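J.: here you go, sequence then predicted model.
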Amino acid sequence: MPVLNERAYLRHAVESVLAQEVGGPTELVLALGPSSDGTTELARGLAAADDRIRLVENPAAHIPVGLNAAIRASRYPTIVRVDAHSELAPGYAAHALQTLARTGAANVGGVMHAEGRTPFQKAVARLYNSPVGLGGGAYHGGRTEGEAESAYLGVTRRAVLDEVGLFDETIRRGEDWELNLRIRQAGHAVWFDPELSVTYWPRENWLRLARQFRATGAWRGELVRRFGRSNGLRYFAPPALVLLVVLAVVVGVLQLTGVLGGVASILASVLVYGPIVLYVLLVVAVACARGGGDLRQRLWTLAVLPTMHLSWGLGFLTGVLRGARDTVDASRLGSRNTPLP
């Protein structure tokens, strides 16, 4: 479990891991980044109270670096990746081990079920669980078991990790997708089991959500630069929306200044404004749909859905054009684009 500034979530995440029963020895290795909110002190207290918890340092504060440090320090033949912002369902680990044995797969993952506490977080969680929000990947609500492109978190055979290599430490986001690509290229199966469920707690405010999605989009753009069409088509929808909005602004300026008029103006309006109007109607329909929650949650949905798509799409375009470079997810780190406090 990589950990950075997770004081509000760490205890529950750790408890959900330690409650797993697999009929054999287990350990929880926490990779501690340089937190500034008391997370490190909490982790040390938890480790002092339970000898199954081991601590390793992750001074770089990057997720793949912390994951690799934890994996290298681990002692058992199966690696269960867990997240400090998540909680494992009861029986998760035992069921995952059974699925590994039954399918012969190298890596097994399940459903990321987002939940929220505040109206804002509930709105984000609902969109995480919807194909409209995150593009319909299997682990965002799939129901059919079978081979998959990637796995959320992942329960992996250590022997396969040793064969293909650990996480690529030059990739700050999307490192799990890239690892699963190497696993599949090596001839192993990545498996989705909808009976596996992990509770995920999204970001707590609008600015943090926007930062998270911009960084994630930038690294997906970087992955497109590196691996091209190995990336699914659904990843290209948000950047297409961003380009459409930019084109609409340009067309609007040309119309207001009189440069564009007549039939050309009408045609441009239909082709450019039409899809944007349809998108706005989609956002409104999602906010008003059944299960949308109370009024505050529905109003937040009107802001959250475009934020997710536009932030991700803008990040994607910058990642494709110039590479992700030093982009990190600063959504838990105040105003600075750096993992260090």
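T.: The structure has been received and is ready for your questions. Numbering: from 1, shown residues only.
J.: hey, let's count contacts and neighbours off CA atoms from now on
T.: Fine.
J.: quick one: Leu161 from Asp193, how far?
T.: Using CA to CA, to the nearest Å, one obtains 20 Å as the distance from Leu161 to Asp193.
J.: the more surrounded of those two?
T.: A side-by-side neighbour count of Leu161 and Asp193, using other CA atoms under 10 Å, places Asp193 first with 23 against 19.
J.: list the neighbouring strands of the helix or strand where that one lies plus their orientation.
T.: Using DSSP states H and E, Asp193 falls within strand 190-200. Strand 190-200 pairs in its sheet with strand 86-88 (antiparallel), strand 107-114 (parallel), strand 146-147 (antiparallel), by DSSP bridges.
J.: who's in contact with it?
T.: Contacts made with strand 190-200 from outside it, assessed by CA atoms under 8 Å, 6 or more residues apart in numbering, are listed as 85-89, 92, 95-96, 99, 105-115, 138-139, 141-151, 180, 183-184.
J.: chain center to that strand: distance?
T.: Relative to its parent chain, strand 190-200 has a centroid offset of 14 Å by CA atoms, centre = their mean, to the nearest Å.
J.: same deal with stretch 150-167?
T.: How far stretch 150-167 lies from its chain's middle: 18 Å, per CA atoms, centre = their mean.
J.: and the longest helix for the protein?
T.: Of all segments of type helix in the chain, defined using DSSP state H, the longest is helix 295-322.
J.: I'd like to know which elements that one is packed against.
T.: Judged by 3 or more CA pairs under 8 Å, 6 or more residues apart in numbering; DSSP states H and E, the packing partners of helix 295-322 are helix 119-128, helix 131-134, helix 206-227, helix 237-256, helix 274-288.
J.: least reliable of the ones you listed by average pLDDT, please.
T.: For the helices and strands packed on helix 295-322, mean pLDDT drops lowest on helix 131-134, to a mean of 85.
J.: now do the buried residues in that helix.
T.: Across helix 131-134, burial judged by 16 or more other CA atoms under 10 Å covers 133-134.
J.: one more: stretch 44-58?
T.: Within stretch 44-58, the residues scored as buried using 16+ other CA under 10 Å are 46-47, 53-58.
J.: chain center to the lowest-mean-pLDDT helix or strand in the chain: distance?
T.: One helix or strand of the chain scores below all others by mean pLDDT, DSSP states H and E: helix 131-134, with a mean of 85. Taking the mean of its C-alpha atoms, helix 131-134 sits 12 Å from the chain's own mean (CA atoms, centre = their mean).
J.: C-alpha coordinates for it, PDB please?
T.: C-alpha atoms of helix 131-134 as PDB (Å, rounded to 0.1, in the frame of the first residue of the first chain):
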ATOM      1  CA  PRO A 131     -20.000   4.500 -17.900                       C
ATOM      2  CA  VAL A 132     -20.800   8.200 -18.700                       C
ATOM      3  CA  GLY A 133     -18.300   9.300 -16.100                       C
ATOM      4  CA  LEU A 134     -15.300   7.100 -16.700                       C
END
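J.: grab the nearest non-local neighbour of Val82.
T.: Residue nearest to Val82 in three dimensions, not counting chain neighbours: Met1, with 5.1 Å by CA to CA, 6 or more residues apart in numbering.
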